[in-house]
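Engineer: sequence and predicted model, in that order:
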Amino acid sequence: RPMLAIAAAGFAVNLFNLWLLHRDRKGSLNVRSAYLHILSDSLGSVAVIVAALMINLTGRVFYDAAGSLLISGLILVSSTRLFMKTLGVLMESSPSHIATDEVRACLGGLEGVLDVHDLHVWSLTSGYELLTAHLVVRDLGGSQALLAASRTGTAAKSWSKGTRFRLALNGPASMRPRLP
């Protein structure tokens, strides 16, 4: 009976904590990690509650071990997913929710842009993506307007919080000015 009471109290506390973190669980890897930890604790409490009820009904302690194995499997799956997302940020890989072909098409469709190359999109931290690209243009006359349109276009699509574009003139490499 104490097993059931303690598990029920733990479950109630975990539900309250899940409610507190639910809104922000997708914004930050830290909050997501805390949310998943509390969720696994909640599932553990449910397993203990079910095991306690089954042990009280049948007298078999097997249910305690079965619940533990089930929860261990769920924790393994969720922690592996979180680890892979964290590894993606640490390795500065391309975020899965940003299609670089779509970014290239958007930038290439801007007036005056002839080509887009050296396009890189990566996550600096969870929810903070960076984007850099070289834009080949006909002339540098409207470069400030073009850069502003590039930044506005990528921000409007929520592709990136930080952008850096380098403009290059179309023509032989020896004729192109070096731009900072």
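Structural biologist: Sure, I can see it. In this text the structure is predicted, and so the values were computed from the model without any measurement. Numbers count the residues shown, from 1 in each chain.
Engineer: averaging pLDDT per element, find the lowest-scoring helix or strand in this structure.
Structural biologist: Least confident helix or strand, the chain: helix 143-156 with a mean of 79, by mean pLDDT, DSSP states H and E.
Engineer: same for whichever helix or strand comes after it, what does it pack against?
Structural biologist: Sequence-wise, the next helix or strand downstream of helix 143-156 (DSSP states H and E) is strand 162-169. Packed against strand 162-169 by the contact rule (3 or more Cβ pairs under 8 Å, 6 or more residues apart in numbering; DSSP states H and E) you find strand 128-137, helix 143-156. Every residue, glycine included, has its C-beta placed from N, CA and C.
Engineer: tell me the buried residues in strand 162-169?
Structural biologist: 163, 165, 167-169 (16 or more other Cβ atoms under 10 Å).
Engineer: and stretch 4-24, by the same measure?
Structural biologist: 4, 7, 10-11, 14, 17-18, 21.
Engineer: low-confidence bits of the protein, can you list those?
Structural biologist: Along the chain, segments meeting pLDDT under 70 span 156, 158-160, 171-180.
Engineer: all helices for it, in order.
Structural biologist: Secondary structure of the chain, counting by DSSP state H: helices at 2-22, 29-58, 62-90, 100-108, 143-156.
Engineer: now the last one - C-alpha only, PDB.
Structural biologist: The reference is to helix 143-156. Written as PDB, here are the backbone C-alpha positions of helix 143-156 (Å, rounded to 0.1, in the frame of the first residue of the first chain):
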ATOM      1  CA  SER A 143      23.600  46.100 -53.200                       C
ATOM      2  CA  GLN A 144      22.200  47.600 -50.000                       C
ATOM      3  CA  ALA A 145      18.600  47.100 -51.200                       C
ATOM      4  CA  LEU A 146      19.400  43.500 -52.300                       C
ATOM      5  CA  LEU A 147      21.000  42.700 -49.000                       C
ATOM      6  CA  ALA A 148      18.000  44.100 -47.100                       C
ATOM      7  CA  ALA A 149      15.600  42.100 -49.400                       C
ATOM      8  CA  SER A 150      17.700  38.900 -48.800                       C
ATOM      9  CA  ARG A 151      17.600  39.300 -45.000                       C
ATOM     10  CA  THR A 152      13.900  40.200 -45.000                       C
ATOM     11  CA  GLY A 153      13.100  37.200 -47.200                       C
ATOM     12  CA  THR A 154      14.900  34.700 -45.000                       C
ATOM     13  CA  ALA A 155      13.500  36.300 -41.800                       C
ATOM     14  CA  ALA A 156       9.900  36.200 -43.200                       C
END
